[in-house]
Structures are given as structure tokens and as C-alpha cells.
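**Student:** what follows is a predicted protein model with its sequence.
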Amino acid sequence: MKTRLTCPCGEVIKGQDEDDLVEKANAHLTAEHEGRTYDREMILFMAT
């Protein structure tokens, strides 16, 4: 299960599970990278 992602901006995003990680990654994108979106598969591909 992947629960950690490091955004190219340097922000480390951690989730309790994959669903939580995807939710938090999307919230980060909305707040910090307006106009950028990634689907679940891309987020999990970049995660560890």
C-alpha cells in the first residue's frame, strides 16, 4: 500500500491509506498548484 508522496515542489504528503493519500494530494494540488489535476492512478504511480 502506498501512503507517501513527495510533490515536485518539495511538499511531503502522507496518508493513512491510498484513499487518504489521494484525497490529501488532490487537496494540495487545489491549494498550491491551481489548475493542476492528477487522477488516482497517476498519484499512486508517483507515491511510495
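**Tutor:** Structure's in. What do you need?
**Student:** residue 15 against residue 3, yeah?
**Tutor:** Yes. Using Cβ atoms under 8 Å, residue 15 is in contact with residue 3, at 5.0 Å. In this view, the C-beta of every residue, glycine as well, is placed from N, C-alpha and C.
**Student:** report pLDDT for the residue most central in space within the chain.
**Tutor:** Nearest to the mean C-alpha position of the chain, by Cα atoms, centre = their mean, lies residue 25 at 2.7 Å. Predicted confidence (pLDDT) for residue 25: 97.
**Student:** need the contact list for it.
**Tutor:** 5, 7, 13, 15, 38, 43, 47 (Cβ atoms under 8 Å, 6 or more residues apart in numbering).
**Student:** circling back: where do the contact lists of residue 15 and residue 3 overlap?
**Tutor:** Counting by Cβ under 8 Å, 6+ apart, the residues touching both residue 15 and residue 3 are residue 21.
**Student:** the two: who's more crowded?
**Tutor:** Neighbour totals were compared for residue 15 and residue 3, and residue 15 leads with 19 against 15 (other Cβ atoms under 10 Å).
**Student:** separation between the more buried one and residue 35?
**Tutor:** Residue 15 sits 23 Å away from residue 35, going by Cβ to Cβ, to the nearest Å.
**Student:** same question, residue 29
**Tutor:** Distance, residue 29 to residue 35, using Cβ to Cβ: 9 Å.
**Student:** more crowded one of those two?
**Tutor:** Shown here are residue 29 and residue 35; by other Cβ under 10 Å, residue 29 has more neighbours (17 against 6).
**Student:** mind listing what the more buried one touches?
**Tutor:** 36, 37, 38.
**Student:** run through the strands of this structure in chain order.
**Tutor:** 4-6, 12-14 (DSSP state E).
**Student:** so, low pLDDT: which residues of this protein?
**Tutor:** The model of the chain has no residue with pLDDT under 70.
**Student:** residue ranges for the helices of it, please.
**Tutor:** 18-32, 40-46 (DSSP state H).
**Student:** that's all I had, so thanks and see you.
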